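Trainee: heads up, no residue letters with this:
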C-alpha cells in the first residue's frame, strides 16, 4: 500500500476551501488503495494567529516533526501550507534530501497586506523561497500558475478542484420566503480579504444574505442592517441556503479558486463575480455565471441565466478527477527530485 503524508496547518475545525480540498482528496485516494495520513495542528499546543484568531498556529519543534515523519515512513510527502508545520516539514525534507510537493491555496501576500503594512513583495519572496524547494508546486488554476511563473516561482503545475454534486444538488427554495426577492447570497468567511462589503454596498433590488462567520461580521452587520447575516452553516442546512438563492455573489478579489462558486452552481445557482483570478478560470462558461467590473451589472445579468445550465457546468468538476491529478504530481521521497526534473 502506498503511504502518503499530507502536512497542513489548516485543518478541522476550520471550515474553508483548503481543509475541504485536502480532506476530499484523502478520501478519494484511500478509495483507490492509498494509505493517507495527515500531520495537522491537532497534535500540538497552538496559539491564535494575530489578527485572525480562528486560525491556530502550532507550537511544534523540529524534533517532534521529525519523529512523526519517521514514524509514518511515507513514500510521498505533500506540504500543503506555508505555516509553522509546513516550514518544519520542509526543513526536515530538505535536510534529509527528501523530495516533496507543495500546494499554493491562497494569495497569502494580499491577505497580509490587507491587515498589516507588509509589502506583497516581501511575502512573495518568502513564498518563492518556500515553494522552490519542492519538486512540484500545485496551483488551482491556469491563471494562478501563470501568475506564479511571472513572479519567478519554479516547477508550478495546475491542480484544479472538485465539488460533491450529490451533496450540492438543486432543490426547492426552503428559506428566505418571507424576504423580498431576488435573494442574493454570499457564502464564506466574513473578513476584509473576502471583500464582503463590496457585496453589501450593491445598489440592487432584493435581499442580501451573508452565510458565514468571521472577524468582520459584527462590524458589517451593524453597518448594513438591511442585510441578513445567518452565520456559518454546514451539511444539509448549507445546501438549503444555496438552493434558496437566486444568484450567488462572489465579491472576493484575492481567492485563487473559490470552491463556493462550484457548490452554488452544483445547486443550480448562477454566479456573479469580478473578472479576476479565480472566477476567470472557474466561470469559464458564460451560461453558468457572469463576470463584470461592476458587480451590480454581473448580478443583474446572472439573474437571467438558466439554473440548469449552472448545474450542468458544475458537473464537469469532480473530487475523483482532482485526486487523480494530485496523485499524478506526487514524487517519491527518495529520487523524486531526479524524477521531477
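Mentor: Perfect, thanks for sending it. Computed from a prediction, not measured in an experiment: that's the story for all the values here. Residues are numbered from 1 along each chain as shown.
Trainee: Identify the residues contacting residue 194.
Mentor: The contact partners of residue 194, by C-beta atoms under 8 Å, 6 or more residues apart in numbering, come to 188, 214, 251-252, 254-255. No exception for glycine: its C-beta is placed from N, CA and C like everyone else's.
Trainee: So which of the residues you listed belong to helices?
Mentor: Counting by DSSP state H, no part of the contacts of residue 194 is found in helices.
Trainee: Who wins on neighbours among those residues?
Mentor: residue 255 (28 neighbours; other C-beta atoms under 10 Å).
Trainee: Grab the nearest non-local neighbour of that residue.
Mentor: The shortest distance from residue 255 to any non-neighbouring residue, by C-beta to C-beta, 6 or more residues apart in numbering, is to residue 278 (4.4 Å).
Trainee: Counting neighbours, what do you get for that neighbour?
Mentor: The local packing of residue 278 (other C-beta under 10 Å) involves 23 other residues.
Trainee: For it, what are phi and psi?
Mentor: When read as degrees, to the nearest 10, the backbone of residue 278 gives phi 110, psi -80.
Trainee: Could you do residue 231 as well?
Mentor: Backbone torsions of residue 231, given as degrees, to the nearest 10, read phi 80, psi -170.
Trainee: which residues touch the closest residue to it other than its chain neighbours?
Mentor: The shortest distance from residue 231 to any non-neighbouring residue, by C-beta to C-beta, 6+ apart, is to residue 213 (5.6 Å). Residues in contact with residue 213 (C-beta under 8 Å, 6+ apart) are 189-190, 231-232.
Trainee: and what of residue 33?
Mentor: Counted by C-beta under 8 Å, 6+ apart, residue 33 has contacts 1-2.
Trainee: any idea how the protein splits into domains?
Mentor: Listed domain ranges for the chain are 3-162+319-340, 183-314 (source: automatic domain parsing).
Trainee: Can you tell me which of these is most buried?
Mentor: domain 183-314 (a mean of 20; mean count of other C-beta atoms under 10 Å).
Trainee: Name all residues that make contact with residue 25.
Mentor: 319, 322-323, 326.
Trainee: Now with 7 Å, please.
Mentor: Residues near residue 25 by C-beta atoms under 7 Å, 6 or more residues apart in numbering: 322-323, 326.
Trainee: Kindly indicate which of the contacts of residue 194 lies nearest residue 274.
Mentor: residue 251 (7.0 Å; C-beta to C-beta).
Trainee: isn't the closest one right next to residue 198, touching?
Mentor: Yes - with contact taken as C-beta atoms under 7 Å, residue 251 and residue 198 are classed as touching, separated by 4.3 Å.
Trainee: what residues do those two have in common as contacts?
Mentor: Contacts common to residue 251 and residue 198, judged by C-beta under 7 Å, 6+ apart, are residue 295.
Trainee: ok, the closest residue to residue 40 other than its chain neighbours - contacts?
Mentor: Nearest residue to residue 40, sequence neighbours excluded (C-beta to C-beta, 6+ apart): residue 11, at 3.8 Å. Contacts for residue 11 (C-beta under 7 Å, 6+ apart) come out as 19, 38, 40-42.
Trainee: which one among those gets closest to residue 206?
Mentor: residue 19 (31.4 Å).
Trainee: What pLDDT does the model give the closest one?
Mentor: For residue 19, the model assigns a pLDDT of 94.
Trainee: Tell me where the stretch 51-200 of the chain has helices.
Mentor: Along the stretch 51-200 of the chain, the segments classed as helices by DSSP state H, counting those that start in this stretch run 62-72, 84-95, 108-115, 120-131, 142-150, 196-200.
Trainee: Out of those helices, flag the one nearest residue 283.
Mentor: Per C-beta to C-beta, nearest to residue 283 of those: helix 142-150, 11.7 Å.
Trainee: got a list of contacts for the closest one?
Mentor: With contact meaning C-beta under 7 Å, 6+ apart, helix 142-150 is reached by 104, 139, 156-158, 256, 277, 280-281.
Trainee: rerun at 6 Å
Mentor: 139, 156, 158, 256, 277, 280-281 (C-beta atoms under 6 Å, 6 or more residues apart in numbering).
Trainee: Dump the contacts of residue 25 into a markdown table; add distance to residue 127 as well.
Mentor: Conversion of the contacts of residue 25 to a markdown table gives the following (distance: C-beta to C-beta, whole Å):
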| residue | distance to residue 127 |
| --- | --- |
| 322 | 22 |
| 323 | 25 |
| 326 | 20 |
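Trainee: ok, so of these, who is nearest residue 219?
Mentor: Among the contacts of residue 25, and counting by C-beta to C-beta, the member closest to residue 219 is residue 322, at 35.2 Å.
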